[in-house]
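1. Starting from these lines, generate the structure:
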Amino acid sequence: MKFSTKLFVGMSGVLVLLSFVTINLFFTRAHYVQRDNLRSRLVGIAATGALMVDGEKLSRIRTAADEQKPEYADIKSTLRSIRLSNPDVRYIYTMRRSASPDVYEFVVDEQDDVDLDGNGVLEPQERHARVGEPYEIEDLPEMQRAFDGPIADRELTTDKWGTWLSGYAPIYDAQKKVVGILGIDMSAERVKQEERTMELIALLTFAVATALSVMASVLLARHFTRPIQKLSEALADVAAGNLDRKLDLNRSDEIGRLGEVYNEMAAKLAKARAEVAEYNHSLEQKVAERTAELQRAREAAIEAEKMTAIGTLAGGIAHEFNNLLCAVRGQVELAALSPTRERIRHAAETVGACADRARRITDALLTFASRSPLRVRPTDVRQVIETALELFKRDFSTLNITVVRKFSDVDTIGAEPDRLMQAFANVIANARDAMTQHGGRLTVLVRPVDQNIEVTFRDTGPGIPAEMMGRLFDPFCTTKAPLGPESTPGVGLGLAVAQGIVKNHEGEIVAENNEDGGATFRIQLPVRPWPGKGIRPPHRRPVPLKTRRVMVVEDEPDILSAVRDLLVMKGWQVETSAGGKEALEKVKSDACSLYIIDIAIPGMNGIDLIKSVRGINPAAQFVIISGFAPYELASQLGEEEITAYISKPFRSEDLVETVESLVESPQPA
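-> Numbers count the residues shown, from 1 in each chain. Down below sits the predicted model:
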């Protein structure tokens, strides 16, 4: 808060508080004076009215039967004339003492019986007081003293006729003897109206005083803060580097002296800045030269790190696929040199095995890089870990590895158990391989940490080499054979796949070396809800085909001919097309009910082709053969549009089994 604001608020508060206290005291006193004035008026009206009432006649009215006497009518007329001459008076009546000291009794009441609500029944408050009707005065001290002289109530009183401020005066007969009292009631609403008027005046007075206080505070605050504001602006200029500004406050007090000190300070700073600028000029040249050298070194280091990672990835892929290609080529050449049935069968089996191995490698790479939708369902992390450990039960027994479980109670999370188990299994396999030579202990801990569940795998192996720590989760980064110096088999994809799965679950995985030897892998998974979240839509239920006609769309001639020949061998009528537009033209002229389509085809890609065919034939079914991951297709097309998906490279029996499952009639002999 600014000083001017504080000064204004403080002074305003003090002045407003003083105004409030003063006005409150004044109007509190005025309130009492007003109430005393009302009581004085009531006493005056009561005293004057009592002199007008004939005490002799009043003393002769003793019972309700006397209400028919002329004396009763005369006194009632007198009371009415008194009330009419005083508009503030609501009720006027006479009373006298009864046998009980705490009870008076009415004599003449000026009010008549009136059915105010028109319901035909006189309520107690609608009836006038009858001669001799008792009235309790135990709680009315002023009325108790009314026979001694004129008096008025100090506070409002309430009875069955309403709430009032009342005045009383004694009535005398001819011998100056008190024969009764005259009572006058003024409505509480009238009293409160006058009090509200007084309160309104008080509020208006307080509002005016507050406004004047605020105005005075503004003027005083400006008087004190304007030079401080100028000094603050001048200091801000100094902070911004403007040392040429001079401050002239034209004051002879402490604030004026402060302005003089500022001017002296600004002059000295300007001189110092010139000296520093000259020194900085030479220093900047040296810093610029050194910074350029550091920047070049940093860019070179980053580029080298990138090339190392890319080289590791490319080298690993090249190494694996060159091995596969070498095996394929060797078996094919042997089959060509010696085309015996046994040699050809062996070559075919070897080529199929190499294709399966290549598929596993590409699947691992896709898993490492993917952020595919999860089939989320309620998952107990501890049960998934137990399932993963069960896969290595025989290895642990053979290698003399002890498993220690430390599982805390944790919440069920939303996850895809199969993928999670694969990640855990890869980390466990890494720990097993680290302890293969001498055995050891694998400690598995599960505990809640904040909003996450932390799973820790701690082994007693040799630990992670320092040079590998930064690249531990890179694909094909490994110390194992065939890419590393160890004899333990492995290609360096396990931890990369584990990291991809954990990140796909919005979690984190880190690795560190233990102080007492061995390595620790720490996985944190968020506790997130699962009902309906992340679940992919169900596949469209295929309608059985009535004909064995199919169109195959594939731009690779070798794959197209292989699929065509395979399906023809199985009794299918096959139409082929090498591109999307060509296929669409054939569909327009003669549509099929089943299409086997590759996604990456020229002219029109497979996704657009599927949508176009769906517009022509809504009942058409589609089997996708592609090297893309299924989740990539689902994000662009929607899984409900696809009857089946077959990942390349695929086995012939997988394709045949999928297609045959869609036809209504059995496969012909």
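2. ok, the helix or strand harbouring Arg96: who's next to it in the sheet?
-> In the assignment (DSSP states H and E), Arg96 maps to strand 89-97. Taking DSSP bridges as the criterion, strand 89-97 forms sheet pairs with strand 103-109 (antiparallel), strand 178-187 (antiparallel).
3. Highest mean neighbour count out of these?
-> Sort those by mean neighbour count, taking mean count of other C-beta atoms under 10 Å, and strand 178-187 sits at the top with a mean of 24. Backbone N, C-alpha and C define where each C-beta goes, glycine included.
4. I'd like the average pLDDT over that one.
-> Across strand 178-187, pLDDT averages out at 89.
5. same thing with stretch 652-662?
-> What stretch 652-662 shows for mean pLDDT is 87.
6. the helices in the stretch 301-450 of the chain, which residues?
-> 341-369, 381-391, 393-399, 417-434 (DSSP state H, counting those that start in this stretch).
7. Name the stretch among those helices that sits most buried.
-> Using mean count of other C-beta under 10 Å, helix 417-434 ranks as the most buried of these, with a mean of 22.
8. Show me what that one is packed against.
-> In terms of contacts (3 or more C-beta pairs under 8 Å, 6 or more residues apart in numbering; DSSP states H and E), helix 417-434 is packed against strand 377-379, helix 381-391, helix 393-399, strand 440-449, strand 452-458, helix 494-504, strand 519-526.
9. For the shortest one, buried residues please.
-> By neighbour count, and taking 16 or more other C-beta atoms under 10 Å as the criterion, the buried residues in strand 377-379 are Thr379.
10. Measure how far it is from the centre of its chain, please.
-> When C-alpha coordinates are averaged (C-alpha atoms, centre = their mean, to the nearest Å), strand 377-379 and its chain have centres 25 Å apart.
11. quick one: which of the helices and strands packed on helix 417-434 is nearest Pro602?
-> In terms of C-beta to C-beta, the element of the helices and strands packed on helix 417-434 nearest to Pro602 is helix 494-504, at 31.4 Å.
12. nearest residue to Arg130 other than its sequence neighbours?
-> Once flanking residues are discounted, Arg130 sits nearest to Ala64: 5.2 Å by C-beta to C-beta, 6 or more residues apart in numbering.
13. try Leu495
-> Leu495 sits nearest to Phe473 (C-beta to C-beta, 6+ apart), 5.2 Å away.
14. so what's that neighbour up against?
-> The contact partners of Phe473, taken as C-beta atoms under 8 Å, 6 or more residues apart in numbering, are Leu495, Ala496, Ala498, Gln499, Ile509, Ala511.
15. Can you read off the pLDDT for it?
-> Looking at Phe473, its pLDDT reads 77.
16. Checking my notes, it in a helix, right?
-> No - Phe473 sits outside any helix when classified using DSSP: H, G, I helix; E, B strand; the rest coil, being coil.
17. Take the helices of the stretch 301-450 of the chain and write them to a markdown table, including distance to Glu56 and mean pLDDT.
-> Compiled in a markdown table, these are given as follows (distance: least, C-beta to C-beta, whole Å; pLDDT from 0 to 100):
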| stretch | distance to Glu56 | mean pLDDT |
| --- | --- | --- |
| helix 341-369 | 121 | 70 |
| helix 381-391 | 109 | 90 |
| helix 393-399 | 126 | 89 |
| helix 417-434 | 113 | 88 |
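18. in the sheet, who's paired with Tyr93?
-> With DSSP bridges as the rule, Tyr93 is bridged to Asp109, Gly183.
19. quick one: contacts for it?
-> Here Tyr93 is in contact with Leu79, Phe106, Val107, Val108, Asp109, Glu110, Gln111, Ala129, Leu182, Gly183 (C-beta under 8 Å, 6+ apart).
20. Flag the shaky bits of the stretch 551-669 of the chain, pLDDT-wise.
-> In the predicted model, the stretch 551-669 of the chain carries pLDDT under 70 at residues 628-641, 665-669.
21. residue ranges for the helices of it, please.
-> 557-569, 580-589, 606-616, 630-637, 652-660.
22. What residues of the last one count as buried?
-> Using 16+ other C-beta under 10 Å as the test for burial, helix 652-660 gives Leu655, Val656, Thr658, Val659.
23. got it, and the third one?
-> Buried residues in helix 606-616, counted by 16+ other C-beta under 10 Å: Gly606, Ile607, Asp608, Leu609, Ile610, Ser612, Val613.
24. swap in the first one?
-> Within helix 557-569, the residues that qualify as buried by neighbour count (16+ other C-beta under 10 Å) are Ile559, Leu560, Val563, Arg564, Leu566, Leu567.
25. want to try CSV for those, with distance to Ala207 as columns?
-> Formatted as CSV, these follow (distance: C-beta to C-beta, whole Å):
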residue, distance to Ala207
Ile559, 92
Leu560, 94
Val563, 93
Arg564, 97
Leu566, 98
Leu567, 96
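26. distance between stretch 275-286 and the chain's centre?
-> 52 Å.
27. For it, report the contacting residues that lie outside it.
-> So stretch 275-286 is contacted by nothing (C-beta under 8 Å, 6+ apart).
28. what pLDDT, on average, does it get?
-> 80.
29. do stretch 50-58 as well
-> When pLDDT is averaged over stretch 50-58, the result is 90.
30. Can you list the buried residues in it?
-> Ala50, Val53, Asp54, Gly55, Lys57, Leu58.
31. Which of those fall in helices?
-> Counting by DSSP state H, those place Ala50, Gly55, Lys57, Leu58 in helices.
32. And these, which is closest to Asn37?
-> Nearest to Asn37, judged by C-beta to C-beta, of these is Ala50 at 20.3 Å.
33. In contact with that closest one, which residues?
-> Contacts of Ala50 (C-beta under 8 Å, 6+ apart): Pro150, Ala169, Pro170, Ile171, Tyr172, Ile181, Leu182.
34. State the pair within those that is farthest apart.
-> Going by C-beta to C-beta, the pair spanning these furthest: Pro150 and Tyr172, at 12.2 Å.
35. which of those two has more neighbours?
-> Pro150 (20 against 17; other C-beta atoms under 10 Å).
36. Make a markdown table out of the helices and strands packed on helix 417-434 and add distance to Pro618.
-> A markdown table is the format used below for the helices and strands packed on helix 417-434 (distance: least, C-beta to C-beta, whole Å):
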| stretch | distance to Pro618 |
| --- | --- |
| strand 377-379 | 32 |
| helix 381-391 | 41 |
| helix 393-399 | 52 |
| strand 440-449 | 50 |
| strand 452-458 | 46 |
| helix 494-504 | 34 |
| strand 519-526 | 41 |
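37. Specify the local secondary structure of the most far-flung residue of the chain relative to its centre.
-> Computed with C-alpha atoms, centre = their mean, the maximum C-alpha offset from the centroid of the chain is found at Gln175, amounting to 90.8 Å. Put simply, Gln175 is coil when judged by three-state DSSP.
38. any idea how far Arg145 is from it?
-> 22 Å (C-beta to C-beta, to the nearest Å).
39. Same question for Asp558.
-> According to C-beta to C-beta, Asp558 stands 127 Å off from Arg145.
40. What of Thr210?
-> 45 Å.
41. the more surrounded of those two?
-> Thr210 (16 against 11).
42. which secondary structure elements does the helix or strand that the more buried one is a member of contact?
-> Taking DSSP H and E as the criterion, Thr210 maps to helix 188-240. Judged by 3+ C-beta pairs under 8 Å, 6+ apart, the packing partners of helix 188-240 are helix 3-52, strand 162-172, helix 254-337.
43. and the angle from that helix to helix 3-52?
-> 170 degrees (axes from the mean of the first three to the mean of the last three C-alpha atoms, to 10 degrees).
44. and the strand holding Arg96, how far from the chain's centre?
-> The answer for strand 89-97 is 71 Å, by C-alpha atoms, centre = their mean.
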